[in-house]
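Novice: attaching a predicted model along with its sequence, questions to come.
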Amino acid sequence: MVVLIAATVAMKAAGWKGSGNNGTVSNVALILAFLAFATMGAVVAARVPRNAIGWLFLAIALLAAFSSLTENYAFHTAVEKPGSLPFGVAVAWLYSWSWYPTVILLLFVPLLYPTGRVPGPRWRPLLAAEIVLVAVVTVLYMLNPGPLDDEKSLPVNPIGLGPLGTVVDHLGLALGLTAIAFLGLGVVSLVIRFRRSSGLERQQIKIMAFAPAIVLAGILATYLSSSASDVIFAVTIVLFPAAVGVAMLRYRLYDVDRVINKTLVYGGLTAVLGGAYVGLVLASQALFSSFAGGSNLAIAISTLLVAALFMPLRRRIQGFVDRRFYRQRYDAARTLERFTARLREQVDLEVLNGDLLAVVHETVQPDRVSLWLREG
């Protein structure tokens, strides 16, 4: 997936335009949106591999990256520079249908969130119907005759079946309305799941409940503003991974607090040390440029300085992340440190008992606490 995204970005940087409907803003919005899906999917799939949400997010991001790559390749070799690359027709055919399953897979998110399973046996037919919808739409557009894009810039489908053209023309609107209805039913399933839930799961569902409703409004808005349809679509669908991310950070969804904590710490550490290393190398090269082997000396000195900065900087970034995103845990750790310091100096057992009970109340926050001391 990373390779596909990197290749697509490289194509755009080289001036490959892809479909005429996609401007720079649209491309950036879509890439960022599906990067969010890839990030959240990787975190959830790594931490809870049996939960379908992580794999679903990864599948959406992978299909989107594949569709974007084939789009740029197809339009470059068929429109911008005809015949400049091999397999142009085959890649254009892949592009012609790959976007549809990407979009339809979004319907599964509200139905399966947050457990990765439907709310109950009665919802299994809806899940089966959504799977059938993905398969039917994909096959229809695989075999749809005529040009491989709506702009009629790409070649004709080499395996298109003539009679299916009329079917696709008549079923297009019906299939779109069916997808919108399924998304609406997904919102209903979230409401039902919310009413049955309690505690943390209830809070997690509360966050996600707004996302599909806004996505539904965004899809309808794309029909009213075709010029900004990709931007509207990207901004609305990113609510799915954003909602999961907020639920993870605030309500410990999927118990990935440690993964997110380390990602924030080491991601920030890498960025700071990388910038410091580049800056030190440039400064050292300018300083030692008059000496023989100045470049090698600059790199050696910069490497040693960055290595020396690693542990102090990691502690500072860890402290910042804990204070900013894990305040309750940070305050509990500070409370324990203060109690440990008092423990070394205090000899009165009654005072220690009171301090210990106060620390337990402040850090663990139990409903009741009692202390039993064995005599003798």
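Specialist: Sure, I can see it.

Novice: now do the contacts for S67.
Specialist: Y95, S98, W99, T102 (C-beta atoms under 8 Å, 6 or more residues apart in numbering). (Glycine included, C-beta is placed from N, CA and C.)

Novice: what's the burial count for the closest residue to the last one other than its chain neighbours?
Specialist: Closest residue in space to T102, ignoring its immediate chain neighbours: L63 at 4.1 Å, by C-beta to C-beta, 6 or more residues apart in numbering. L63 has 22 neighbours, counted by other C-beta atoms under 10 Å.

Novice: so who does L63 touch?
Specialist: If you count contacts by C-beta under 8 Å, 6+ apart, L63 has them with S98, W99, P101, T102, L105.

Novice: can you pick the most crowded of the contacts of S67?
Specialist: Highest count within those by other C-beta under 10 Å belongs to Y95, 24 neighbours.

Novice: that one and I53, how far apart?
Specialist: According to C-beta to C-beta, to the nearest Å, Y95 and I53 sit 27 Å apart.

Novice: please apply the same query to G245.
Specialist: 12 Å.

Novice: mind checking the SS state of G18?
Specialist: coil (DSSP: H, G, I helix; E, B strand; the rest coil).

Novice: list phi and psi for it.
Specialist: Main-chain dihedrals, G18, degrees, to the nearest 10: phi 70, psi -150.

Novice: turn the contacts of S67 into CSV, columns for distance to G184, pLDDT and secondary structure.
Specialist: Output for the contacts of S67, formatted as CSV (distance: C-beta to C-beta, whole Å; pLDDT from 0 to 100; DSSP: H, G, I helix; E, B strand; the rest coil):
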residue, distance to G184, pLDDT, secondary structure
Y95, 29, 92, helix
S98, 25, 92, helix
W99, 22, 88, helix
T102, 20, 90, helix
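
Novice: what helix or strand is G279 on?
Specialist: helix 257-288 (DSSP states H and E).

Novice: quick check: mean pLDDT across that helix?
Specialist: Average pLDDT, helix 257-288: 65.

Novice: packing partners of the one helix or strand V3 maps to?
Specialist: Assessed by DSSP H and E, V3 sits inside helix 2-13. When contacts are defined as 3 or more C-beta pairs under 8 Å, 6 or more residues apart in numbering; DSSP states H and E, helix 2-13 sits against helix 24-47, helix 52-75.

Novice: so which of those helices is the most packed in?
Specialist: helix 52-75 (a mean of 23; mean count of other C-beta atoms under 10 Å).

Novice: tilt between that helix and helix 2-13?
Specialist: If you take axes from the mean of the first three to the mean of the last three C-alpha atoms, to 10 degrees, helix 52-75 sits at 40 degrees to helix 2-13.

Novice: between helix 52-75 and helix 24-47, how many degrees?
Specialist: Orientation of helix 52-75 against helix 24-47 (the same axes, to 10 degrees) gives an angle of 140 degrees.

Novice: can I get helix 52-75 in CSV? Just the C-alpha atoms.
Specialist: Provided in CSV are the C-alpha atoms of helix 52-75 (Å, rounded to 0.1, in the frame of the first residue of the first chain):
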residue,chain,number,x,y,z
ALA,A,52,-12.9,-6.8,10.9
ILE,A,53,-12.8,-3.0,11.3
GLY,A,54,-9.0,-2.9,10.9
TRP,A,55,-8.9,-5.1,7.9
LEU,A,56,-11.9,-3.2,6.4
PHE,A,57,-10.1,0.1,6.7
LEU,A,58,-6.9,-1.4,5.1
ALA,A,59,-8.9,-2.8,2.2
ILE,A,60,-10.5,0.5,1.6
ALA,A,61,-7.2,2.3,1.6
LEU,A,62,-5.5,-0.4,-0.6
LEU,A,63,-8.3,-0.3,-3.2
ALA,A,64,-8.2,3.5,-3.2
ALA,A,65,-4.4,3.6,-3.7
PHE,A,66,-4.7,1.0,-6.5
SER,A,67,-7.5,2.9,-8.2
SER,A,68,-5.5,6.2,-8.1
LEU,A,69,-2.3,4.5,-9.4
THR,A,70,-4.1,2.8,-12.4
GLU,A,71,-6.0,6.1,-13.1
ASN,A,72,-2.8,8.1,-13.5
TYR,A,73,-1.1,5.3,-15.5
ALA,A,74,-4.1,4.8,-17.8
PHE,A,75,-4.6,8.5,-18.7
